[in-house]
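Enquirer: fold the following for me, if possible:
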Amino acid sequence: MGSLIKKYLRTTKGKITAGVIGVALVAAVVIAVIVFVKGNGYRTVAVEDFMGNVMVVGDKNNGPAYKGEHLYDGDDVSVGKYSELTLCMDNEKYVYADENTHFVIVNSSSRKNSRLKIVLDEGSELNVLSAKLGEGDSYEVDTPNSTMSVRGTRFRTTVYTADDGYVYTLLEVENGVVLTKLKTLTGEYNGVEREFRAGESALIRGNDDISEFLTSEGSEVWVLDHSVLPEKHIARLKELIKKSEKEN
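Expert: Numbering: from 1, shown residues only. As a prediction, the model looks like this:
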């Protein structure tokens, strides 16, 4: 039987058949790789662009950021003064970090699900998810006094520690829905949570003992007029703190 197959493969028809089979096998391998890489789960977190002084510290990275650099679970990222950073996840999820911003990446993936968390304790960053997450996947921004969970949206998170000892978080939702859960600086959730939708914002303050939504005109939902607010995000947050102090 083996000798007959060998003789057939030596013929013109046999060579053509073998070539077709070879191409089909290569195509199958390519498709399998694409399915694995682009299926459920984050497969890449990488530096797409940066400006100025950006440092990455972790088990595999330790030094200035560079374009194309892959980031991993536990990487500590600092964006210096007059600096910016753009991270890309799977070509459809982006983090745009402003100057004076610090965060840690918590990233875990499996064949069934994937979880990505940006632990932001200072500064401001814009999150853009151009596609809905897969079943079982999650994307969160964790601040000292709250956790924002999303399914597919565009929102900005800004964190500032004031002289009064409180940590303030400003959430600004541009598209989609963001579920916000409150917690103290010690990490204890108090059971208070609320969804915020496009055009809505939230101002949160917390310390070791409390975490609460500050109100605007009696509502936990703030509708901001950006034409009368500072463009820089920390300055905008400070202005809203002053407004809240006057109202409350």
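Enquirer: pLDDT weak spots in this structure?
Expert: For the chain, the stretches flagged by pLDDT under 70 are 1-43, 109-113.
Enquirer: which stretches in it count as helices?
Expert: 2-10, 12-38, 233-247 (DSSP state H).
Enquirer: what packs against the last one?
Expert: It stands for helix 233-247. Judged by 3 or more Cβ pairs under 8 Å, 6 or more residues apart in numbering; DSSP states H and E, helix 233-247 is in contact with strand 114-129, strand 154-161, strand 167-175, strand 201-206. For every residue, glycine as well, the C-beta is placed using N, CA and C.
Enquirer: which elements pack onto the last one?
Expert: Packed against strand 201-206 by the contact rule (3+ Cβ pairs under 8 Å, 6+ apart) you find strand 167-175, strand 177-183, strand 211-214, helix 233-247.
Enquirer: show me what that strand is in contact with.
Expert: Strand 201-206 is contacted from outside by 143-146, 166-173, 180, 182-185, 194, 196, 211-214, 216, 220-224, 237, 240-241, 244, using Cβ atoms under 8 Å, 6 or more residues apart in numbering.
Enquirer: alpha carbons only: can I get that strand in PDB?
Expert: Output of strand 201-206 as PDB, limited to C-alpha atoms (Å, rounded to 0.1, in the frame of the first residue of the first chain):
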ATOM      1  CA  SER A 201     -20.600  61.900  35.600                       C
ATOM      2  CA  ALA A 202     -20.000  61.000  39.200                       C
ATOM      3  CA  LEU A 203     -17.800  62.600  41.900                       C
ATOM      4  CA  ILE A 204     -16.700  60.300  44.700                       C
ATOM      5  CA  ARG A 205     -14.800  60.900  47.900                       C
ATOM      6  CA  GLY A 206     -13.400  58.500  50.400                       C
END
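Enquirer: buried residues in it, which are they?
Expert: 201-206 (16 or more other Cβ atoms under 10 Å).
Enquirer: adding distance to Met55, write the residues you listed out as CSV.
Expert: Converted to CSV, the buried residues of strand 201-206 look like this (distance: Cβ to Cβ, whole Å):
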residue, distance to Met55
Ser201, 30
Ala202, 30
Leu203, 30
Ile204, 28
Arg205, 29
Gly206, 27
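Enquirer: max pairwise distance over those: which two?
Expert: The largest separation in the buried residues of strand 201-206, counting by Cβ to Cβ, is between Ser201 and Gly206 at 16.7 Å.
Enquirer: mean neighbour count added to the helices and strands packed on strand 201-206, as a markdown table?
Expert: Shown next, in a markdown table, are the helices and strands packed on strand 201-206 (neighbours: other Cβ atoms under 10 Å):
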| stretch | mean neighbour count |
| --- | --- |
| strand 167-175 | 21 |
| strand 177-183 | 20 |
| strand 211-214 | 20 |
| helix 233-247 | 16 |
